[in-house]
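> no sequence on this one, just coordinates:
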Ligand SMILES: [Zn+2]
Ligand SMILES: [Zn+2]
């Protein structure tokens, strides 16, 4: 998927310096350039639905970001297709009008009458990726010894693993103190 940075720009000249004005948005956005997620791949455009609101401090973007992801099941490594969502509430400011002490995230700026959503998309998406995705809640996982997928077959290894763990603990036991 090739996309230029301008695809993630939203023109907002109609809202600037008009506190109280707002516009609903439903945007399909390309994945931010160079975005790499841990153990996940974005499989389609991101979608941002919500409202851009003109406020005294700038423009407030409120809405929901959704992204289709391909992940690996944390137990059996099978591909999992999942759409994740994240709530977004971010203030974009005109850097020329913000005083230096204001607590504004760099990257959330209004530049040349447009919002650059690149940073917002990254910041919202990264924490939305599931930490331990599962293909299903009761996924049985893989056997750590023989690799058998316990969702489809059983093996005889389970007891052996438990036994060898106990044996390792035996070895750590302190000698009798007599
Ligand atoms: Zn699984
Ligand atoms: Zn096994």
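Done, it's in. Keep in mind that this is a model prediction, so the values were computed, not measured. Ligands and ions are numbered 1, 2, ... in the order given.
> The residue lying closest to residue 72 once chain neighbours are set aside and residue 79, how far apart?
Take residue 72 and drop its neighbours on the chain: the residue closest to it by CB to CB, 6 or more residues apart in numbering is residue 39, 5.8 Å away. C-beta: built from backbone N, CA, C; applies to glycine. Noted for residue 39: a distance of 11 Å to residue 79, by CB to CB, to the nearest Å.
> overlap in contacts of the two?
Common contacts of residue 39 and residue 79, defined by CB atoms under 8 Å, 6 or more residues apart in numbering, comprise 71-72.
> Settle it for me: which of the two has more neighbours?
A side-by-side neighbour count of residue 39 and residue 79, using other CB atoms under 10 Å, places residue 39 first with 14 against 11.
> Contact partners for that one?
Shown in contact with residue 39 (CB under 8 Å, 6+ apart): 71-72, 129.
> Need phi/psi at it.
Phi and psi for residue 39, reported as degrees, to the nearest 10, are phi 60, psi 30.
> Residue 75 belongs to a strand?
No: Residue 75 is assigned coil when assessed by DSSP: H, G, I helix; E, B strand; the rest coil, not a strand.
> if you skip the residues just before and after it, what's nearest to it?
Spatial nearest neighbour of residue 75, excluding adjacent residues (CB to CB, 6+ apart): residue 141 at 3.4 Å.
> Residue 59 too?
Nearest to residue 59 is residue 92, by CB to CB, 6+ apart, at 4.7 Å.
> Can you report how many residues lie near the one you found?
Residue 92, neighbours per other CB under 10 Å, totals 26.
> Give me the sheet partners of the helix or strand harbouring it and which way each runs.
Using DSSP states H and E, residue 92 falls within strand 79-92. For strand 79-92, the paired strands and their directions (DSSP bridges) are strand 58-72 (antiparallel).
> sorry, back to before: is it true that the residue nearest to residue 59 touches residue 58?
Yes: between residue 92 and residue 58 a contact is recorded at 5.2 Å, counting by CB atoms under 8 Å.
> gap between residue 134 and ligand 1?
6 Å (CB to the ion, to the nearest Å).
> Against residue 19, how distant is residue 42?
From residue 42 over to residue 19 (counting by CB to CB), the distance is 35 Å.
> Of the two, give the one with the bigger neighbour count.
Using other CB under 10 Å as the criterion, residue 42 and residue 19 rank with residue 42 on top: 20 against 13.
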